[in-house]
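J.: Output the structure for:
(one chain, ligands or ions: 1)
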Amino acid sequence: MSLVTLTINDKQVQVESGTTILEAAKLLDINIPTLCHLKLHEGVENKPGSCRVCMVEVDGRRNLAPSCTTPVFEGMVIKTNSIKAIKARRNVVELLLSDHPQNCLLCEKNTDCELQKLAADMGIREIKFKGEMSTYPKDTSSYSIVRDSDKCILCRRCETVCSEVQTVSVLSGINRGFNTVVSPAFGLPMTETNCTFCGQCVSVCPTGALTEVNNTSKVWDALNNKDKLVIVQTAPAVRAALGEAFGMEVGKAVTGKMVAALRSIGFAKVFDTDFAADLTIMEEASELMHRITHGGRLPMLTSCCPGWISFFEHEFSDLLDVPSSCKSPQQMFGAIAKTYFAEKMNKDPKDIILVSVMPCLAKKYEAARPEMNNDVDIVITTRELAKMIKEAGINFTSLKDEEFDSLLGESTGAGVIFGVTGGVMEAALRTAYEWITKEVLDDVDFKVVRGLDGIREATIKIKDMEVKAAIASGLGNARKLLNKIRNDEVNYQIIEIMACPGGCIDGGGQPYIHGEYEILSKRANALYEEDRNKPIRKSHNNPEIIKLYEEFLGKPYGEKAHKLLHTKYFKRQC
Ligand code: FES
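T.: Residues are numbered from 1 along each chain as shown. Here you go, the predicted model:
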C-alpha cells in the first residue's frame with residue numbers, strides 16, 4: 001500500500017492511500033462532525049455519504065467534499081474549519097431540523113440524541129427553512145421497540161446493522177424522494193416481521209426514531225402499590241455499564257451502588273439474576289451431560305439469549321431440538337421467585353411483582369411470551385434504570401455499596417461472566433469439569449473461550465475427554481454456525497450464541513456508546529474482575545443454589561426442575 005502526504009488545517013500527515021479525509025483527520029486529532037457515518041461491528045461501516053454533515057473544503061475543488069467517503073490523494077490540502085464548510089454543515093443540520101419534530105424535551109432520546117448535540121454544538125437557535133413535514137404513524141406494536149419515523153433522518157445505520165451485522169434485514173429504505181422512510185417491508189409493524197428485538201438498531205440510531213418501550217412508569221406505579229411485594233433482579237451486564245450513565249469511569253462494575261439505589265427507590269428485595277445464571281448452569285450442564293451419555297442431539301446450543309432464540313425460531317426451525325431446553329436466567333429467576341420465594345415469604349404469587357433490569361430489549365419480549373406464565377412482570381433496561389435513579393434524585397456516585405438480599409441474591413463468579421460473550425460457556429465448563437472428573441478444578445479461568453471476536457472455537461480437555469466448543473456473538477455469526485450445523489459440517493458438542501456482538505455487555509438496552517466499541521472490552525473486564533474477586537467461582541458451589549435443590553427442586557434436570565426451569569421452542573412466521 002503506497003503512502004500519501006496531505007495537509008489538514010495546516011498540519012501535515014502521512015497516511016495509506018485509500019484512507020478517507022475523516023480517518024486522516026482523526027490521526028491529527030481533528031474532529032469533523034458526522035451523522036450518518038458510523039463504524040459498526042465486524043468491520044462493517046455505515047457510510048452512505050448521505051447526510052453531508054462532514055463536509056470539508058479541499059483546495060482546487062469547486063464543491064465541498066464529504067470527508068467520510070472522500071479518499072485522500074498526494075498533496076491534498078484540506079480545511080475542515082473554513083467559514084464555507086462551517087456554514088454548509090450548519091445549513092445541513094438546519095435542513096434536517098426543518099423536517100424533524102422539535103419536541104426534544106419530550107423525546108426518549110433527549111440528551112442522548114446526536115442530532116440534538118450537533119445543533120447545540122453549532123449554536124443553532126432558529127430553523128430558517130420551513131416546509132412540509134413528514135408524518136408517519138408510530139409503531140408501538142412490540143413489547144421492546146418503538147419506531148417513530150417522524151424522527152428518522154435516513155442515515156441508514158439501523159438498516160446496515162440489521163442487514164449486514166445481524167443479517168435479519170427487517171429495516172430498509174422504502175418509497176422514494178420526500179416519501180422515503182426506513183421501515184419494515186410494506187410498512188408492516190415490527191411484530192409482523194422477523195425482528196428478533198435484539199435492539200441493535202436502537203443502539204445505533206442517532207435520534208429518537210428507534211427507542212426502547214419505556215416501562216419506568218409501570219415500575220413507579222408498582223412501587224406505589226402497597227398491596228404488592230415489589231422485588232427486583234438485575235442481570236450481570238447491567239452493573240458493568242450503569243455507572244457510565246452517571247459519568248463514572250468506564251469499565252468499573254457498580255454492583256454495590258446499584259443495589260443501594262434500587263433499595264432507595266423502594267424495592268422490597270434486591271436480588272441478582274447471577275443467582276439464576278448459576279441455576280442455569282446446573283440445568284444446562286446436566287442437560288449436556290445427559291445428551292452426551294444418552295446419545296442426545298449434539299451440539300447443544302445455549303438458550304440464555306431471547307434475541308437469538310427468536311432468530312432461531314424464525315430462520316432455523318428445522319433445528320428445534322438443538323438448543324438447550326433451559327429457560328434463560330431471567331425466566332428461571334421468575335419461576336423460582338413466584339414459587340419457592342413466594343412460599344418462603346408466605347405470599348400468594350399474585351401479590352408479588354417482579355421487575356427485571358436487563359441490558360437487553362428482547363428480554364421485554366421474552367417476559368411476555370405466553371409459555372413464560374408472566375413470571376416476570378416488568379422489564380426495564382439499564383438505560384431506564386439510570387433514568388429512574390435520576391428521577392428519584394439519588395446521588396448515585398456517592399452511594400455506599402450495599403449487598404444483595406439473601407435467598408435469591410447469592411451468586412458466584414461463574415454467574416457474573418454470563419454478561420459477556422463466552423461467559424456462559426466458561427461457567428458451564430467450570431461445573432462440567434468437576435462433575436465429569438470428580439476432581440477439584442484449581443484454575444477456573446478458561447481463557448481460551450474469552451475474547452470479543454464474533455466466532456471463536458476451542459477444544460477443551462477434560463481428563464481424557466475432548467470437548468469441542470464454539471462461541472458466536474452477533475446474529476450474522478450465529479447464522480454462519482447454524483448453517484454449518486444444518487449441513488452437518490461441524491462436530492461441536494456445545495455452542496454458545498448471543499444475539500448482540502460481544503454479548504450482553506453490548507445489549508440493546510445498555511448506555512449508548514456512539515460507535516466507541518473499545519468501551520466493550522472495558523465492560524467485559526469489569527465482569528471478569530468481579531468474577532476474580534468472588535469467593536466462590538463455580539455455580540454448583542453456590543450455597544443458595546444447593547439449598548434451593550435440597551429444599552425445593554430435588555435433583556438438577558429432575559422432574560420439578562424440568563417443569564419450572566425448561567421450555568419449548570416454536571416455528572415462527574412472524
Ligand atoms: Fe459523512 Fe454523513 S457523515 S455524509
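J.: tell me which strands and helices the lengthiest helix in the chain is in contact with?
T.: Secondary structure of the chain per DSSP state H: the longest helix is helix 273-293. If you count contacts as 3 or more CB pairs under 8 Å, 6 or more residues apart in numbering; DSSP states H and E, helix 273-293 packs onto strand 229-234, helix 236-241, strand 300-301, helix 329-336, helix 413-416, helix 423-437, helix 543-548, helix 559-565. In short, each C-beta sits where N, CA and C put it, glycine included.
J.: how much does it deviate in direction from strand 229-234?
T.: 60 degrees (axes from the mean of the first three to the mean of the last three CA atoms, to 10 degrees).
J.: ok, back up a step: the ligand is nearest to which of the helices and strands packed on helix 273-293?
T.: Closest to the ligand of the helices and strands packed on helix 273-293 is helix 236-241 (CB to the nearest ligand atom; 26.2 Å).
J.: chain center to the closest one, what's the gap?
T.: Chain-centre distance of helix 236-241: 11 Å, with CA atoms, centre = their mean, to the nearest Å.
J.: That one: what's the following helix or strand?
T.: helix 255-265 (DSSP states H and E).
J.: Point out where the protein drops to low pLDDT.
T.: Low-confidence segments of the chain, defined by pLDDT under 70: 574.
J.: Around the ligand, which positions in it sit nearby?
T.: 34-37, 49-54, 66, 68 (CB under 6 Å from any ligand atom).
J.: 5 Å instead?
T.: With CB under 5 Å from any ligand atom as the criterion, the chain meets the ligand at residues 34, 36-37, 49, 51, 54, 66, 68.
J.: Tell me which residue in the stretch 151-300 of the chain sits closest to the ligand.
T.: Cys155 (7.0 Å).
J.: what sits against that residue?
T.: 35-36, 38, 46, 48, 50-51, 206 (CB atoms under 8 Å, 6 or more residues apart in numbering).
J.: any chance of the residues you listed in CSV, plus distance to Met345 and secondary structure?
T.: Converted to CSV, the contacts of Cys155 look like this (distance: CB to CB, whole Å; DSSP: H, G, I helix; E, B strand; the rest coil):
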residue, distance to Met345, secondary structure
Leu35, 51, coil
Cys36, 52, coil
Leu38, 47, strand
Asn46, 50, strand
Pro48, 55, coil
Ser50, 56, coil
Cys51, 54, coil
Pro206, 45, coil
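J.: In PyMOL, how would I select the buried members of these?
T.: Selection command for PyMOL covering only the buried members of those, criterion 16 or more other CB atoms under 10 Å:
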select buried, resi 35+36+38+46+48+50+51+206
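J.: residues in contact with whichever residue of the stretch 451-574 of the chain sits closest to the ligand?
T.: Residue nearest to the ligand within the stretch 451-574 of the chain: Gly515 (11.4 Å; CB to the nearest ligand atom). Applying CB under 8 Å, 6+ apart, we find Gly515 in contact with 38-40, 204.
J.: Let me have those residues in TSV, extended by secondary structure and distance to Lys128.
T.: Below are the contacts of Gly515 laid out as TSV (DSSP: H, G, I helix; E, B strand; the rest coil; distance: CB to CB, whole Å):
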residue	secondary structure	distance to Lys128
Leu38	strand	28
Lys39	strand	32
Leu40	coil	34
Val204	helix	29
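J.: got a winner among those for most neighbours?
T.: Val204 (25 neighbours; other CB atoms under 10 Å).
J.: Go ahead and confirm it touches Glu159.
T.: No. Using CB atoms under 8 Å, Val204 makes no contact with Glu159, being 9.9 Å away.
J.: quick one on the thing from earlier: check the gap between the residue of the stretch 151-300 of the chain closest to the ligand and Leu96 for me.
T.: The gap separating Cys155 from Leu96 is 10 Å, by CB to CB, to the nearest Å.
J.: Can you pull the residues that touch both of these two?
T.: The contact lists of Cys155 and Leu96 share 35, 51, where a contact means CB under 8 Å, 6+ apart.
J.: Among the residues of the chain next to the ligand, give me the pair with the biggest separation.
T.: The distance between the two most remote of these (CB to CB) is 10.5 Å, for Thr34 and Gly49.
J.: Between these two, point out the one with more neighbours.
T.: Between Thr34 and Gly49, counting by other CB under 10 Å, Thr34 is the more crowded of the two (20 against 14).
J.: residue contacts, that one?
T.: When contacts are counted by CB under 8 Å, 6+ apart, Thr34 touches 22, 51, 53-54, 68.
J.: To what extent is the residue nearest to Leu223 when sequence neighbours are not counted buried, counted in neighbours?
T.: In space, and not counting its chain neighbours, Leu223 is closest to Gly266: 4.5 Å by CB to CB, 6 or more residues apart in numbering. By other CB under 10 Å, the residues close to Gly266 number 14.
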